[in-house]
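1. Dropping the sequence and predicted coords here.
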Amino acid sequence: MTAISDCFEKLARDRQCAFIPFITAGDPDLETTAAALRVLARSGADMIELGVPYSDPLADGPVIQAAAKRALERGTTLQQVLEMLKSVTPSLNVPIILFTYYNPILNRGIKPFLEQIAAVGVSGLVVPDLPLEEAATLLEPAEEVGIDVTLLVAPTSSTERINAIAHASQGFIYLVSVTGVTGIRTQMESRVSDLLKQIRNVTDKPIGVGFGISQPEHARQVRDWGADAAIVGSAIVKRLAEGTPEQGLSAIADFCQTLKASLTTP
């Protein structure tokens with residue numbers, strides 16, 4: 001059993017919905033990123049999704065795009081992110097899920113990349129521009145090294161495609177709540193409820209909902225609709241970037257505690 005599967009199983013026994021915050025590595029700097037990972041782990045995160053800054057982030061909205069741009073302008077590299085993770089993951093008690101686009105994986109080579117991220121304590125991988133038709137090239141070697149590659153289901157996915165993704169995805173299934181990119185939205189799309197039911201009909205794997213969850217009410221809503229995890233990115237990235245690094249860390253601690261509380265109250 002992988003660290004991610006084990007985490008979901010423990011939460012399911014307690015009838016709990018997982019809270020998965022997202023931050024961008026290197027924004028405002030890698031020292032703050034390391035501190036933020038520790039803060040998130042102490043503030044209710046069950047798993048943490050860490051974005052590797054990329055020059056063409058097609059799936060990301062303006063908040064995360066801006067964070068990636070700032071990180072790249074500071075010279076943040078994938079190698080530096082891995083070195084930072086190597087130093088910080090021993091002090092964390094939650095699985096780390098790396099969010100990266102496919103090009104950096106191909107540049108390093110699929111197997112070497114997977115071995116490198118496993119060696120620094122990464123448990124899972126989300127690759128938003130990896131098409132289902134090519135997923136096996138990553139899924140199979142990832143399983144060998146103990147990395148869960150989680151695939152995304154879009155609101156526009158056909159029933160046939162949802163079935164195929166649900167069958168192939170590792171760790172959990174990532175349900176994108178909106179058509180488009182990540183970002184802060186005022187309310188959750190009601191069709192998420194129908195999509196959750198549709199996926200649940202074909203698999204017993206955990207389902208995480210992301211893109212657009214920015215308030216405690218949103219997190220509670222997807223939990224009540226039957227999601228196994230609420231994934232929150234832009235709202236956390238925005239708070240971390242405001243003010244000094246110390247102020248940003250304090251802001252995300254308070255916000256994450258509030259989000260976690262919304263997932264544990266009736």
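-> Perfect, thanks for sending it. Predicted model, so just to flag it, every value in this text is computed and none were measured. Residues are numbered from 1 along each chain as shown.

2. For this structure, which segments count as strands?
-> For the chain, the strands defined by DSSP state E occupy 18-24, 48-51, 96-99, 122-126, 148-150, 152-153, 173-176, 207-210, 229-232.

3. what pairs with the second one, and is each one parallel or antiparallel?
-> Using DSSP bridges, the strands paired with strand 48-51 in its sheet are strand 18-24 (parallel), strand 96-99 (parallel).

4. Point out where the stretch 51-200 of the chain drops to low pLDDT.
-> Flagging of the stretch 51-200 of the chain using pLDDT under 70 yields the residue ranges 59, 178-189.

5. can you rerun that using 80?
-> In the predicted model, the stretch 51-200 of the chain carries pLDDT under 80 at residues 57-61, 178-190.

6. And the helices in it?
-> Under the criterion DSSP state H, counting those that start in this stretch, the stretch 51-200 of the chain carries helices at the ranges 62-73, 78-88, 102-108, 110-119, 136-145, 159-168, 191-200.

7. Grab the most central residue of the protein for me.
-> Compute the mean C-alpha point of the chain, and by C-alpha atoms, centre = their mean the closest residue is residue 49, 3.6 Å away.

8. The nearest residue to that residue once chain neighbours are set aside and residue 193, how far apart?
-> Nearest in space to residue 49, with sequence neighbours left out and distances taken as C-beta to C-beta, 6 or more residues apart in numbering, is residue 22 at 4.2 Å. The C-beta positions use only the backbone N, C-alpha and C, and glycine is treated the same way. Counting by C-beta to C-beta, to the nearest Å, the gap from residue 22 to residue 193 is 23 Å.

9. ok, these two, which is more surrounded?
-> Counted by other C-beta atoms under 10 Å, residue 22 and residue 193 do not tie: residue 22 has more neighbours, with 22 against 16.

10. do you know how far the more buried one is from residue 106?
-> Residue 22 is 23 Å from residue 106, by C-beta to C-beta.

11. follow-up on the earlier one: redo the strands of the chain as a markdown table? Include distance to residue 266.
-> Listed next are the strands of the chain as a markdown table, based on distance: least, C-beta to C-beta, whole Å:
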| stretch | distance to residue 266 |
| --- | --- |
| strand 18-24 | 16 |
| strand 48-51 | 26 |
| strand 96-99 | 28 |
| strand 122-126 | 29 |
| strand 148-150 | 28 |
| strand 152-153 | 28 |
| strand 173-176 | 23 |
| strand 207-210 | 19 |
| strand 229-232 | 16 |
